[in-house]
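**Q** Give me the fold of what follows.
(2 chains)
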Amino acid sequence: MVLSHAASDSDVSVHSTFASRYVRTSLPRFKMPENSIPKEAAYQIINDELMLDGNPRLNLASFVTTWMEPECDKLIMSSINKNYVDMDEYPVTTELQNRCVNMIAHLFNAPLGETETAVGVGTVGSSEAIMLAGLAFKRKWQNKRKAEGKPFDKPNIVTGANVQVCWEKFARYFEVELKEVKLSEGYYVMDPEKAVEMVDENTICVAAILGSTLNGEFEDVKLLNDLLVIKNKETGWDTPIHVDAASGGFIAPFLYPELEWDFRLPLVKSINVSGHKYGLVYAGIGWVVWRNKEDLPEELIFHINYLGADQPTFTLNFSKGSSQVIAQYYQLIRLGHEGYRNVMENCRENMVVLREGLEKTGRFNIVSKDEGVPLVAFSLKDSSSHTEFEISDMIRRYGWIVPAYTMPPNAQHITVLRVVIREDFSRTLAERLVIDIEKVMRELDELPSRKSEANGDNLMVTVKKSDMEKQREVINGWKKFVSDRKKTNGIC
Amino acid sequence: MVLSQTTPESNEPVSSTFGSRYALTALPKYEIGESSIPKDAAYQIIKDELMLDGNPRLNLASFVTTWMEPECDKLIMDSINKNYVDMDEYPVTTELQNRCVNMIARLFNAPLGDTETAMGVGTVGSSEAIMLAGLAFKRNWQNKRKAEGKTYDKPNIVTGANVQVCWEKFARYFEVELKEIKLSEGYYVMDPEKAVEMVDENTICVAAILGSTLTGEFEDVKRLNHLLVKKNDATGWNTPIHVDAASGGFIAPFIYPELEWDFRLPLVKSINVSGHKYGLVYAGIGWVVWRTQHDLPDELIFHINYLGADQPTFTLNFSKGSSQIIAQYYQLIRLGFEGYKNVMQNCRENMLVLKEGIEKTERFNIVSKDVGVPLVAFSLKGQSFHSEFEISEMLRRFGWIVPAYTMPADAQHITVLRVVIREDFSRTLAERLVADILKVLHELDTLPSKISRKMGAEDFGNVKGKKVKREKLMEVIVGWRKFVKDRKKMNGVC
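**A** Coordinates of the predicted model:
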């Protein structure tokens, strides 16, 4: 008698991925599964879940590059298995990084001789770059104070309250006090005069931002430099400047070459820029350059005995991929000055198109300036019945991701929506976005204020004055509650 | 009269990449060029230069993964434009990271309930992971000392001298003193007794390594825990342990499950592991997990107002790619426990094949142990005219990259060659490597000592007696070796 038996697990061949049993069982979330599964199934399962992620190209919140040419994609894929830190095995990749550092240093007018090598390094992003630059300042300042026989246990750094959160991280993790210059309504960047006032003998550096995250504005580094030079003469403290050019570093040299913000100013000792923002590379690459060797204390540099060769390194991360470094070099030689200029000019024009479209609706104030990072930050002229947060929510239904956020102190009562214009945000998309925003505004106009709905008050036939007042109270109370909940107003 | 004229640059089409002018002009090296160049030219130029890089799969120096399945390559490419930190836009990717953290925490026997969320984070590598773990220990210790009204300005960390260089970085950048236990000949890991002896009231933690970079050995974490418990009872200092399981974390649970080294030991408060080593993912992913919430001070965690949602984060890096996290999740579900076990067992077997092949040559001492990370570290037997560095150089000609390095203090006179066995190092390659090593040895035997020739010490043809020549040569060799070793500032191998 032949017994029939079910085919054992290992016999099930995957003819059709979707019919396989693995798509029926739920995926492990907390514990590693006992058995293997076929690779096609693994691929399909993950691919399917990832369909529910947002579309990177419609993510208008981010400055980070979301499109590169297919030729570059090919280079990226072929170097995906190269561990960047193996400098001895991959000398060409290391050389490419060095070339990028030199090119970027020259772009920032570093005072280098004809064949002098620039001092700088590739990082995983501006966060690492800023931490390295901050460490260099901190160590230099400590050495100076030790030599003078003064206390060196309370270093501080002066910045605007509009700094990106990585400065706060640096301060907290490396035990440096962050002295923030508060903003005010209508003035959303660091005021150079107030900044210089705040400088004291414990200040390791003043950090200026070229391309504020909130509204894309370039801070006036030249004025800061001039005022700080005067103060330094009086006090003899020699306080230096760092420019956080995460966004602006690849914009200003091409669109605003006459703007003096870089090493042309004598007090600027280091600059960081994100390769993955307007450097036009995918996420995962940043650069930091120092003015010259003296600005990077030798004791921070590690000399690794690597396979018999001496390798000087100064990074926080060790092993990492090589792809983005190669991609950055590709962009620098592929585009050249001309190409980058074209891209930035296009972005700027599309930004103007979007801005004008929004202004035409007559419902918004434009908070961002024309000069700066190509983005449009705007807030409602009348936010009594609806907020920018609601617009942000509703526009998601059309696929767009447009963030809304409140300003840092002392302008917390201002809320803005922000659209970043990247290389792949075309004019057609800009026009479409305006149309969709208008649709959203019309929908909102018809809706009663969200808070009154919560009160179960759907019919507003006869509106008594006391009812309106009650609603306003509730709205204001809710707004305040929401704003207070946010511990840090770091927007990114 | 028609004047012939050259075509202006902008009109010339690039019909043949190699024939185009761009392959003739030198590429700008130090400054950005004025004009753009066609994309296929840019691609070809870079690709050509990169041909001179080493072949990643023949790089036997590195623990880091150099091969993944094509399905995973597809997933990687699809997510190359996703910035991981945009958690609100890419909630599924964030969810995948959380799942990986949970799986890894449970792999390390973290004391969690069935559906309790683990404390941990994905990082760019073990360097970042160690810095985060170290920061947590430092802050916890500072808070404790402040509460006790004691000084907190001189924190230190106790490790073996065999630590990977990222511990030295952590110590230097975060201003913590590094107290290293010196090694000795034949004992190349941290001695638990000496370590516990070194612990004082300023020690923020003791760091043990599961899978020493130098020899692949697992340190005896259980013994360390045992001794430290006793000392803590005596002193009341409550010094915790961190396990740097960069290599060993994805090996021990699969082929040495009875080895107690993880959260099963009560003093172990955090563990880091490299996803890009035996986690079998390309370079760029590490993991750190904490035992419980209390081991990670809340003041280090940042709550970002991101697009209206509260996002708690604790990392050094901010924007970074999502590909490796997705790849790690792919490996965890694709292989499962069984798959990882198979891979690790294969590596171990290939390691034995290589070890036996090298032993059969009778020219080498094997320095690595069988239990540990699958690698073979070996040094030349007895006094020899040649050094391991020369063998390393000559093997390069066959395409192999096998590093040679000296041990840290106090065993600097020992030099080893080290071959790491990764998933893609097959048995055939192991046998081929042994054959090539034999070839190199034959060649070296016929060559006079390179060192004496370099020093120009003795006139070879004019030597009076063999004995005299040999002694002088040995002097010269030893002197040269010492000179070379002294030049190297730091013995950090990676």
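**Q** For the helix or strand containing residue A:253, the averaged confidence score.
**A** Taking DSSP states H and E as the criterion, residue A:253 maps to helix A:252-255. Helix A:252-255 comes out with an average pLDDT of 96.
**Q** Can you spell out which helices and strands pack onto that helix?
**A** Using 3 or more Cβ pairs under 8 Å, 6 or more residues apart in numbering or on different chains; DSSP states H and E as the contact criterion, the elements in contact with helix A:252-255 are helix A:323-361. Where you see a C-beta, it was placed from the backbone N, CA and C, and this is true even at glycine.
**Q** Give me the distance between the helix it packs on and the centre of its chain.
**A** Counting by Cα atoms, centre = their mean, to the nearest Å, helix A:323-361 is centred 16 Å from the centre of its parent chain.
**Q** contacting residues around whatever helix or strand comes next after it?
**A** Scanning forward in sequence from helix A:323-361, with DSSP H and E defining helices and strands, the next element found is strand A:364-366. Outside strand A:364-366, the residues that touch it by Cβ atoms under 8 Å, 6 or more residues apart in numbering or on different chains are A:355, A:358-359, A:376-381.
**Q** Identify all contacting residues around the helix holding residue A:253.
**A** A:107-108, A:210, A:218, A:245, A:259, A:261-262, A:337, A:340-341, A:344-345, A:348.
**Q** mind listing what's buried in that helix?
**A** Of the residues in helix A:252-255, those scored as buried under the neighbour-count criterion (16 or more other Cβ atoms under 10 Å in any protein chain shown) are A:252-255.
**Q** cool, stretch A:334-353 as well?
**A** Of all the residues in stretch A:334-353, those buried under the rule 16+ other Cβ under 10 Å are A:334-337, A:339-341, A:343-344, A:346-348, A:350-351, A:353.
**Q** Briefly note if stretch A:178-198 comes near chain B.
**A** No: in this structure, stretch A:178-198 remains apart from chain B according to Cβ under 8 Å from any Cβ of the partner chain; the gap is never smaller than 12.9 Å.
**Q** picking that back up, which of the contacts of strand A:364-366 has the most neighbours?
**A** Most neighbours among the contacts of strand A:364-366, by other Cβ atoms under 10 Å in any protein chain shown: residue A:376, with 31 neighbours.
**Q** Which secondary structure elements does the strand or helix carrying it sit against?
**A** Residue A:376 belongs to strand A:375-380 when assigned by DSSP H and E. Secondary structure elements in contact with strand A:375-380, counted by 3+ Cβ pairs under 8 Å, 6+ apart, are helix A:323-361, strand A:364-366, helix A:388-395, strand A:415-420.
**Q** Go again with 6 Å.
**A** Helices and strands touching strand A:375-380, as assessed by 3 or more Cβ pairs under 6 Å, 6 or more residues apart in numbering or on different chains; DSSP states H and E, comprise helix A:323-361, strand A:364-366, strand A:415-420.
**Q** now the shortest one, how far from the chain's geometric center?
**A** Going by Cα atoms, centre = their mean, the spacing between the C-alpha centre of strand A:364-366 and its chain's C-alpha centre is 23 Å.
**Q** which residue packs closest to residue A:412, ignoring adjacent ones?
**A** In space, not counting the residues next to it along the chain, residue A:412 is nearest to residue A:406; the distance is 5.3 Å by Cβ to Cβ, 6 or more residues apart in numbering or on different chains.
**Q** For that neighbour, what are phi and psi?
**A** Residue A:406 adopts backbone torsions of phi -90, psi 150, taken as degrees, to the nearest 10.
**Q** What is the burial count for it?
**A** Residue A:406 has 22 neighbouring residues, counting by other Cβ under 10 Å.
**Q** That one reaches residue A:413, doesn't it?
**A** No: in this structure residue A:406 lies outside contact range of residue A:413 using Cβ atoms under 6 Å: 7.7 Å.
**Q** all strands for the stretch 51-200 of chain A, in order.
**A** A:119-123, A:156-160, A:177-181 (DSSP state E, counting those that start in this stretch).
**Q** Would you reformat those as JSON lines and include mean pLDDT, distance to residue A:434 and mean neighbour count?
**A** Written out in JSON lines, the entries for the strands of the stretch 51-200 of chain A read as follows (pLDDT from 0 to 100; distance: least, Cβ to Cβ, whole Å; neighbours: other Cβ atoms under 10 Å in any protein chain shown):
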{"stretch": "strand A:119-123", "mean pLDDT": "93", "distance to residue A:434": "37", "mean neighbour count": "24"}
{"stretch": "strand A:156-160", "mean pLDDT": "95", "distance to residue A:434": "31", "mean neighbour count": "24"}
{"stretch": "strand A:177-181", "mean pLDDT": "95", "distance to residue A:434": "35", "mean neighbour count": "18"}
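**Q** quick one: contacts of the strand holding residue A:376?
**A** For strand A:375-380, the external contacting residues (Cβ atoms under 6 Å, 6 or more residues apart in numbering or on different chains) are A:215-216, A:354-355, A:358, A:364-368, A:388, A:415-421.
**Q** What parts of the stretch 251-400 of chain A come near chain B?
**A** Selection of the stretch 251-400 of chain A residues close to chain B by Cβ under 6 Å from any Cβ of the partner chain yields A:282-284, A:303-305, A:307-308, A:316-321, A:330, A:332-339, A:389.
**Q** what's the answer for the stretch 51-200 of chain A, then?
**A** Listed as neighbours of chain B in the stretch 51-200 of chain A under the rule Cβ under 6 Å from any Cβ: A:52-54, A:56, A:59, A:62, A:64, A:66, A:69, A:71, A:77, A:80-83, A:86, A:89-90, A:92-93, A:99, A:102-103, A:106, A:124-125, A:127-128, A:135, A:166, A:173.
**Q** just checking, which of these belong to helices?
**A** A:71, A:77, A:92-93, A:99, A:102-103, A:106, A:127-128, A:135, A:166, A:173 (DSSP state H).
**Q** Buried ones among these?
**A** Buried residues within those, counting neighbours by 16+ other Cβ under 10 Å: A:71, A:92-93, A:99, A:102-103, A:106, A:127-128, A:135, A:166, A:173.
**Q** Can I get the residues you listed in a markdown table including pLDDT?
**A** Conversion of those to a markdown table gives the following (pLDDT from 0 to 100):
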| residue | pLDDT |
| --- | --- |
| A:71 | 94 |
| A:92 | 90 |
| A:93 | 92 |
| A:99 | 91 |
| A:102 | 93 |
| A:103 | 94 |
| A:106 | 94 |
| A:127 | 92 |
| A:128 | 94 |
| A:135 | 95 |
| A:166 | 88 |
| A:173 | 93 |
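**Q** any chance of those in TSV, plus distance to residue A:113?
**A** As requested, those are exported to TSV (distance: Cβ to Cβ, whole Å):
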residue	distance to residue A:113
A:71	34
A:92	25
A:93	26
A:99	17
A:102	12
A:103	16
A:106	11
A:127	32
A:128	28
A:135	27
A:166	33
A:173	36
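**Q** Can you tell me the strand partners of the very next helix or strand once past the helix holding residue A:253 and which way each runs?
**A** Toward the C-terminus, helix A:252-255 is succeeded by strand A:268-274 as the next helix or strand (DSSP H and E). Strand partners for strand A:268-274, identified by DSSP bridges, are recorded as strand A:241-244 (parallel), strand A:286-290 (antiparallel).
**Q** could I get strand A:268-274 in CSV with only the CA atoms?
**A** In CSV, the C-alpha atoms belonging to strand A:268-274 read as follows (Å, rounded to 0.1, in the frame of the first residue of the first chain):
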residue,chain,number,x,y,z
VAL,A,268,37.8,80.8,8.0
LYS,A,269,39.8,77.8,9.0
SER,A,270,37.7,74.9,7.9
ILE,A,271,34.6,74.3,5.7
ASN,A,272,32.4,71.3,5.3
VAL,A,273,30.1,70.5,2.4
SER,A,274,27.7,67.6,1.7
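**Q** who's in contact with that strand?
**A** Around strand A:268-274, the neighbours that count as contacts under Cβ under 6 Å, 6+ apart are A:108, A:126, A:129-130, A:133, A:240-246, A:249, A:286-291, A:295.
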